Structures are given as C-alpha cells and as structure tokens.
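Undergrad: Give me a 3D structure for the following:
(one chain, ligands or ions: 1)
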Amino acid sequence: MNVNAVYLMMRDRYLRDPSWENLLALLGSLLYKFPVLFKAPLPPEEVEGLVKNCGFEVLEVSIKACHGLALTINPARIVRRKLIENLKKGDLPAPEPDLIDKDLARDEIFWKLTECAKREKTGLILIKEGLGPEVKTYALAHELSHHLLGHTLAECEMESWLSELHADVAAHWITGRPSPFLSEEENRLLAKLVGYKKRAVGGHA
Ligand SMILES: [Zn+2]
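TA: Got it, this is the predicted structure:
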C-alpha cells in the first residue's frame, strides 16, 4: 500500500468536506505515513524530530501577531506581490495590511524568508522566539498540524475557526498537552474529542 497516496487521498477528501469523520480518517492516514505517531502523545524532542522528518523548516523569529505561523507558498513572493500591489495603487488608499502581513514584511523576517525561498524551502513554520519549552512544543505541533491537514494549501477554503479547532485537536493528539492558548473548559473538550482521559486536562501539563 502506498501510504503517501492514501494520505493525499484522505487530505483531498477532508479539504472538500472537513467533517469530523474525514478529519479522523486523515489523522489515521498520518499514522501510517509517520509511524512514530503510534507512540503519541510524543515528548518534545520527538515532536521536533517529526517536524524535521516532515521536511519543514522552523524559524524562531520575533513575530508579534501570533505564537506561530505555518506557511507553504513561497512567502517572499507573497510579500513582494503585496508590496507591489500597494505601490501600484498610487494615491488610492492602500488596504491596511493585517498583522501577519506586517510581520512578514518586516526586514528581519522578510530576509529570512527570502533566504529559505532561495534554498527552495517553502514549507515553513514560524515560531515566536522566547516561548517557554511547553508552549513552544504545543505551538510547533499546532503549526505542523496546519501543514499536515492541508490548511496552508491554496485549495483550502475552511473557515479559520474550524481549521484552528482541527489543528488544536491534532496538536493535542500529538503532544498530549493542553493548549496554553485555550481555556480549561475548551481544553477539557479537546481532551474528550481526542480521547485522552487522565492526561493533561486543563491548565499546563
Ligand atoms: Zn493555528
């Protein structure tokens, strides 16, 4: 069985219909693509190993908009296109770039992204620098999940609340940790959805 073909088929089905069943089938296909997931929840070093094994480049940068960001398409190209679009508008009021675009357009981050793009590293995970180890592990797993679930692909039309929920479900499955960004009640629900009973429910693990 070609596990990658199964994964791609499940991902395609999930992106067309992000139902709970299709999410679970996609997560199931990931087990066979990355057998280390059979041991989930994984300790931090294995989460980092999985990110590397998946071929994603992690950049720790001083992003302001969020704790992490998953990027797939050549980010330098997006930023440049946006800047050119804004310049072309001349004296028309330019659309206000959102916080994430502003982060990506900052020199310090822009040049790092450009450097990755030159090396044809286009699967990127940006993590806010200075996070504590537990928050960092969760943020890494959350951004990795966005990538693996296909949320960063152009064909993904999911509403962001749903893709965030699904990335949290996957991150909780991978790490066994509660999200540091959700309330205790939300984490309890997450643990229930994933099926972890005694582990890491509410607050920091
Ligand atoms: Zn997210």
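Undergrad: what sits against Val3?
TA: Contact partners of Val3, counting by CB atoms under 8 Å, 6 or more residues apart in numbering, are Ser29, Tyr32, Lys33. Placement of C-beta: from N, CA and C, glycine included.
Undergrad: and this protein, which of its residues are near the ion?
TA: Applying CB under 5 Å from the ion, we find that the chain lies next to the ion at Glu164, Ala167.
Undergrad: So for the chain, which residue is the most central one in space?
TA: For the chain, Glu143 is the residue whose C-alpha lies nearest the centre (CA atoms, centre = their mean; 2.0 Å).
Undergrad: what does the model give that residue for pLDDT?
TA: Listed pLDDT for Glu143 reads 97.
Undergrad: in a helix, that's where it is, yeah?
TA: Yes. Counting by DSSP: H, G, I helix; E, B strand; the rest coil, Glu143 is located in a helix.
Undergrad: Hmm, it is touching Cys66, no?
TA: No. Counting by CB atoms under 8 Å, Glu143 stays clear of Cys66, with 9.6 Å between them.
Undergrad: ok, Thr122 touching Thr114?
TA: No. The pair Thr122 / Thr114 is not scored as a contact, 11.8 Å apart, by CB under 8 Å.
Undergrad: So which of those two has more stuff around it?
TA: The neighbour count for Thr122 versus Thr114, taken as other CB atoms under 10 Å, is higher for Thr122 (19 against 15).
Undergrad: show me where pLDDT drops low in the protein?
TA: Filtered on pLDDT under 70, the chain yields the residue ranges 73-80, 82-83, 86-95, 198-205.
Undergrad: In the protein, mark out all the helices, start to finish.
TA: Assigned by DSSP state H, the chain shows helices spanning 3-16, 20-33, 44-53, 75-88, 99-105, 107-118, 133-148, 160-175, 184-194.
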